[in-house]
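In: next comes the sequence, and after it the predicted model I'd like to discuss.
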Amino acid sequence: MSLLDLRDPGDLVAPLLVASFDGWVDAGSAATIAASRLAKGAATIATFDADRLYDYRARRPTLEIIDGRPDRLTWPELTVRRAQFAGRDLLILSGPEPDYRWRDLAQATADLAQRLKVVAWISLGAIPAATPHTRPVTILGTESRSGLLRGGVVPGPDGILRVPSAAISVLDLAVSRAGVAAVGYFAQIPHYVTGDYPPASVELLRLVGLHLDGDIVMGELRDDARRVLARLDAATAADDNTRAHVERLEAMVDEARRPAGGDLITEIEQFLRDQGGRDRS
């Protein structure tokens, strides 16, 4: 049985595929909020077989009861939707992280990417981290080959990092081995934040826009981000222990971002060369 039901998408123009799953590696729902924004109004072109991917005891369907009468069930879905942006196609793969058949899903996704001639894959995710909400959102990046990441994001961390894999990373690896250029952007979410964290969604969407060579309309998402940051500022100011903790995180982040001596000298030398070039011109 096929794991995927694909409808005829028509002619696609240089499609870029963005993927995000809720659950593991989606702190603050930052990635799935970003994906939902991209998929707003988009048509579904592919649906995966949910009965073979999900444990309904872990991801129970939602039952609506109206006036005491069971009315409707909403089942978890994993879909691919098609949107258009600046004359090219954008495909959004999103839904709950599957429980079963990750290898079959990875192969089906790689086959789909080849069939639709996907030119690039972007994984979106978010992880809790010791970072304060008062500083810009930090993004960890991955790439299948050098030079793919945008917006000043660098691959890292250096060296070997072994972590429990998310399903999205299994798919990312399968797609890249099938010849598709693949990157991953993973926002760091302040570990003390509960609920949605739209500031990270805004940053993830900004980076996707760089791959699409255009700005993505954020709509009310920027307002949501400002409200969340204002609420966190108020909570921090109201409690001495919280304020002290955030200040410690600020110091740690600022120290980590401070350039090393050698790096600083290199930057100064480059600045002087650039200024000299301008004077000569």
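Out: Now that the structure is in, tell me what you want to look at. Predicted model, so just to flag it, every value in this text is computed and none were measured.

In: kindly provide the distance from the most centrally placed residue in the chain to D158.
Out: Among the residues of the chain, L124 comes closest to the average C-alpha position under C-alpha atoms, centre = their mean, at 1.9 Å. From L124 over to D158 the distance is 23 Å, taken as C-beta to C-beta, to the nearest Å. (Each C-beta comes from the backbone N, C-alpha and C, glycine too.)

In: before we move on, back to that, so the residue nearest to the centre of the chain bridges to which residues?
Out: Beta-bridge pairing of L124, defined through DSSP bridges, involves Y185.

In: just the strands in the stretch 51-200 of the chain please.
Out: With strands called from DSSP state E, counting those that start in this stretch, the stretch 51-200 of the chain shows them at 62-66, 69-74, 79-85, 88-96, 120-129, 139-143, 181-190.

In: JSON lines please, covering the ones you listed and showing mean pLDDT and distance to V25.
Out: What follows is those, written out as JSON lines (pLDDT from 0 to 100; distance: least, C-beta to C-beta, whole Å):
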{"stretch": "strand 62-66", "mean pLDDT": "97", "distance to V25": "23"}
{"stretch": "strand 69-74", "mean pLDDT": "96", "distance to V25": "24"}
{"stretch": "strand 79-85", "mean pLDDT": "94", "distance to V25": "19"}
{"stretch": "strand 88-96", "mean pLDDT": "96", "distance to V25": "12"}
{"stretch": "strand 120-129", "mean pLDDT": "97", "distance to V25": "4"}
{"stretch": "strand 139-143", "mean pLDDT": "96", "distance to V25": "11"}
{"stretch": "strand 181-190", "mean pLDDT": "97", "distance to V25": "7"}
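
In: can you list these in TSV and add distance to P199?
Out: Formatted as TSV, those follow (distance: least, C-beta to C-beta, whole Å):
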stretch	distance to P199
strand 62-66	28
strand 69-74	29
strand 79-85	22
strand 88-96	20
strand 120-129	11
strand 139-143	12
strand 181-190	9
